[in-house]
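Undergrad: Provided below are the primary sequence and the corresponding predicted coordinates.
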Amino acid sequence: MRKILGLSAFYHDAAAALVVDGEIIAAAQEERFSRRKNDDRFPSQAIAYCLREAGLTEADLDAVVFYDKPILKFVRSVETWLTVAPCGARSFVQALPQWVGGRLNVVGTVREELPRLPASCPILFTTHHQAHAASAFYPSPFEEAAILTVDGVGEYATTTIARGHGNAIELLQELRFPHSLGLLYSAFTAYCGFHVNSGEYKLMGLAPYGEPVYADRIREQLLDMKADGSFRLNLDFFSFMEGQSMTNLRFHDLFGGRPRHPSEPIETRHLNVARSIQTVTEDILLRLARHAREVTGARNLCMAGGVALNCVANGLILREKIFERLWIQPAAGDAGAALGAALAAWFQPPEGPSPVRTPCVPDSMKGAALGPGFTDDDIEPLLKEVGAVYRCLDDPSFVPTVAQLLADQKVVGWVQGRMEFGPRALGNRSILGDARSPRMQSVMNLKIKFRESFRPFAPLVLLERVADYFELTEPSPYMMLVAPVRPELRNPPSPEATGLDLVRHPHSSLPAVTHVDFSARIQTVDARTHPLLHRLLGEFEKITGCGVLVNTSFNIRGEPIICTPADAYRCFLKTEMDALVVGHFLLLRAEQPRPAVEGADRVRVEELEPALPSSGDGPKLREQPSEWRKFVAVWVAAASLLAYLLHHRHPSTFRTWPYLQGVLLIVLVVGMIRPRWFRKPYRAVTIATFHVGKPISQVVLRVFYWVLLTPFGWTLKASGHAPLPLHRDPAVSTYWSAAPLLRGLRRPA
Amino acid sequence: MWQLAKEFFRFLREEKKWWLIPLIALLLLLAAMLIFGTSSVLAPFMYPFL
């Protein structure tokens, strides 16, 4: 039995995934345990969960695989600093200590965090896009497929095309940094006032309210796009390489004003900008898909990378019938790359033959339910502990009772089975509502989720009934496809209604899940993957005649999706949700003890959307006896040396030297025997050192950047050896580069 | 770490970017010194040399 742990960390969405003999056993994002959205720190809690799920310990692991190659990423950062010199000082000063402080030495970090990992257990590395490609192809139902990975940036690649066949993945072509569709989309996300790396789907949701009036301007001024989907950005308009912001003044002039602050209202200009970049993104993705088909000759397409979460573009690729079938990794972002890394290590082992791969139908992802699950026996003590008022529903009455609550237009928190892996709640950690209700979208947005009113909700629909409501015949189990509501169900608004005024209009007979362009982000529910949810939808349909429910993730804005029943209860109390169903337990808001409801931390909208956490801020305190002992030894040695020097130079005035030596010796002995006594001085000195040392190091780094790196960068550019490809050439027919050979996982002979 | 270093040298050979070696060595040294200078218990004794 071969047990492989895949990891992603240090940028955003740290995650761990465990694969045993090719089977995906568990996978989870660190944010779900730490409760810090997009937590980028080493995924210790996610690893602990994965091992617990499999009944293993660190000592049982056969390989640990990291999802990118830190040295190549570091070299790319150095080349970026050289390219943008002298403007990259801020990014240089911020990033260099983080690189040396742990990002580079991933092997050391893994060994430090997993101390019981056997020395014989190798720590392997895939390239970033190799991990994405593996996460897209290996769990897919295809024996052969084209693989398209598109994201911000990995080491150098930003977009890759690969061919998957059996157990092998061959990377064929790539587009390289800084020319990135993910970064282009993120630049517009920031410009419209949303957080980069977490607000892209808001921009996608905003787009249908606007008109693509800027699309031609984007194509002509910001891009040089070729027929095969390859492109280069005009970097005169962007500042993401300098690291201070995504866009610059030229960009702002091009789109009629400065970037929107998150607290400012959304104007028509922002709607049009959102629609324009969405249109251009769809255009590029369609071209990329067509090119992938030409290059690979495959009939199926697999996708991953952050841009593959753009489900509007995914739906378009499906409707254009470029490929016969499409499969998208549900955890398409960097969290999914942890899973891809583990799968790559299984199918492309460093030594020995590659195992045979037998594709599973519908796929190997187990409905993405790869996180922690809780039985009724686990749940009841937790509910008792928090003082919740609940009733346990027996099996025959359970589903009908919940279906009736939903039919009565109650908003129901639904926590069942194992937590989902990836950004979507797929019916295990969800908030459900009646899709027919015209007020459901605004109630859920403003009173439950505390988020922007323009954002649509996704429908849950019985797989066998999907074509009755939507122009879709394919399964969409992971909410990765957007398709139109059927024309006979639509209710067009009056021609005078424009922009965000459209929010209030019911756009179909399923108003809560129909966007202003009559589209919906669909999740199909089949009886095999989601038997309980399928029963609930069936029961709801029996009562109401409608087989569609609203599904949104069980969280509020700015918080990760809930993980445990205790998280669910806390979130339930904070919001105005009517009922909570955890396992077989039903909790009604009206029945909860008043002190619990009133005492819950009420959500304050101004506190939502906290700044994303970043690793490496603050002093690094290592609260261990060995550190305290080291601290005592160093300071005793220093004091002893100082005393000796003083005694040596001024023997007449410094006569207490022998006594002082004795005192220092006693301090040393005490420090070695009782190191905890020196914990407070250790903390004080470390914190003081950090605050004194940080400004000094920043000054030194800035001087280094301007005095050494800047002239070096200028010399490279002047001699025609610019480290990164910046120029655009209208004469060439393509910007694709041949992808480097994959050797990462195989140890050099 | 040795595996990563080999990977790095292979990358330099393929991309013909040998000029990066002294630069990266210098950067790593400097950064290591500065990290040491903000997190080590020896840090206060280093300030006179910065």
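TA: Yes, it's here.
Undergrad: please make it C-alpha for all contacts and neighbour counts, starting now.
TA: OK.
Undergrad: what's the domain layout of chain A?
TA: Using automatic domain parsing, the domain ranges for chain A come out as A:376-467+A:530-601, A:626-673.
Undergrad: pick out the shakiest of those domains, pLDDT-wise.
TA: Among these, domain A:626-673 has the lowest mean pLDDT, at a mean of 84.
Undergrad: any buried residues in the helix or strand hosting A:E112, and which?
TA: Element membership for A:E112, per DSSP states H and E: helix A:106-113. Neighbour-count burial for helix A:106-113, counted by 16 or more other C-alpha atoms under 10 Å in any protein chain shown, picks out A:106-107, A:110.
Undergrad: ok, is it in contact with chain B or not?
TA: Yes: counting by C-alpha under 8 Å from any C-alpha of the partner chain, contacts between helix A:106-113 and chain B involve A:107-108.
Undergrad: hey, where'd the strands end up in the stretch 451-600 of chain A?
TA: Applying DSSP state E, counting those that start in this stretch to the stretch 451-600 of chain A gives strands spanning A:458-462, A:481-484, A:519-525, A:548-553, A:579-582, A:585-588.
Undergrad: now render those as TSV, adding mean neighbour count and distance to chain B.
TA: Output for the strands of the stretch 451-600 of chain A, formatted as TSV (neighbours: other C-alpha atoms under 10 Å in any protein chain shown; distance: least, C-alpha to the nearest C-alpha, whole Å):
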stretch	mean neighbour count	distance to chain B
strand A:458-462	27	44
strand A:481-484	22	38
strand A:519-525	25	42
strand A:548-553	26	39
strand A:579-582	25	46
strand A:585-588	20	49
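Undergrad: now render these as CSV, adding distance to A:D729.
TA: Converted to CSV, the strands of the stretch 451-600 of chain A look like this (distance: least, C-alpha to C-alpha, whole Å):
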stretch, distance to A:D729
strand A:458-462, 42
strand A:481-484, 35
strand A:519-525, 38
strand A:548-553, 45
strand A:579-582, 58
strand A:585-588, 63
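Undergrad: tell me which of those lies nearest to A:N167.
TA: A:N167 sits nearest to strand A:481-484 of all the strands of the stretch 451-600 of chain A, at 26.7 Å, using C-alpha to C-alpha.
Undergrad: show residues contacting that closest one.
TA: The contact list for strand A:481-484 (C-alpha atoms under 8 Å, 6 or more residues apart in numbering or on different chains) reads A:311-316, A:470-472, A:517-522.
Undergrad: of those residues, just the buried ones, ChimeraX syntax please.
TA: This is how ChimeraX selects the buried members of the contacts of strand A:481-484, with burial counted by 16+ other C-alpha under 10 Å:
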select /A:311,312,313,314,315,316,470,471,472,518,519,520,521,522
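Undergrad: if I look at A:K3, how far off is A:Q244?
TA: Distance of A:K3 to A:Q244, given as C-alpha to C-alpha, to the nearest Å: 42 Å.
Undergrad: more crowded one of those two?
TA: A:K3 (21 against 14; other C-alpha atoms under 10 Å in any protein chain shown).
Undergrad: any idea how far the closest residue to the more buried one other than its chain neighbours lies from A:D62?
TA: Nearest residue to A:K3 in three dimensions, chain neighbours excluded: A:V20, at 4.5 Å (C-alpha to C-alpha, 6 or more residues apart in numbering or on different chains). Per C-alpha to C-alpha, A:V20 is found 10 Å from A:D62.
Undergrad: repeat that for A:L343.
TA: From A:L343 over to A:D62 the distance is 13 Å, taken as C-alpha to C-alpha.
Undergrad: the two: who's more crowded?
TA: The neighbour count for A:L343 versus A:D62, taken as other C-alpha under 10 Å, is higher for A:L343 (30 against 18).
Undergrad: tell me which of the strands of the stretch 451-600 of chain A lies nearest to A:F374.
TA: Of all these, strand A:579-582 sits nearest to A:F374, with 9.0 Å by C-alpha to C-alpha.
Undergrad: in its sheet, what does the closest one sit against?
TA: strand A:412-415 (parallel), strand A:585-588 (antiparallel) (DSSP bridges).
Undergrad: tabulate those (TSV), appending distance to A:V632.
TA: Listed next are these as TSV, based on distance: least, C-alpha to C-alpha, whole Å:
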stretch	distance to A:V632
strand A:412-415	51
strand A:585-588	55
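Undergrad: show the pLDDT at B:Q3.
TA: 66.
Undergrad: for A:A579, give me its contacts.
TA: A:A579 neighbours (C-alpha under 8 Å, 6+ apart): A:410-413, A:572, A:586-589.
Undergrad: rerun at 10 Å
TA: A:402, A:405-406, A:410-414, A:431-432, A:572, A:586-591 (C-alpha atoms under 10 Å, 6 or more residues apart in numbering or on different chains).
Undergrad: how close does it get to A:Y569?
TA: According to C-alpha to C-alpha, A:A579 and A:Y569 sit 10 Å apart.
Undergrad: same check on A:R451?
TA: 20 Å.
Undergrad: isn't B:L20 right up against A:F74?
TA: No: with contact defined as C-alpha atoms under 10 Å, B:L20 does not count as touching A:F74 (11.4 Å).
Undergrad: where does the chain have low pLDDT?
TA: In the absence of a named chain, this looks at chain A. Residues of chain A meeting the criterion pLDDT under 70: A:499, A:595-618, A:654, A:741-749.
Undergrad: wait, chain B was what I had in mind.
TA: Ranges of chain B meeting pLDDT under 70: B:1, B:3-4, B:36-50.
Undergrad: can you list the residue ranges for helices in it?
TA: Listed in chain order, the helices of chain B (DSSP state H) span B:2-15, B:20-39, B:43-46.
Undergrad: related to what we said a few turns ago, quick one: which of the buried residues of helix A:106-113 is nearest chain B?
TA: Nearest to chain B among the buried residues of helix A:106-113: A:V107, at 6.3 Å, using C-alpha to the nearest C-alpha.
Undergrad: is it true that that closest one touches A:P122?
TA: Yes: at 9.3 Å, A:V107 counts as touching A:P122 under the criterion of C-alpha under 10 Å.
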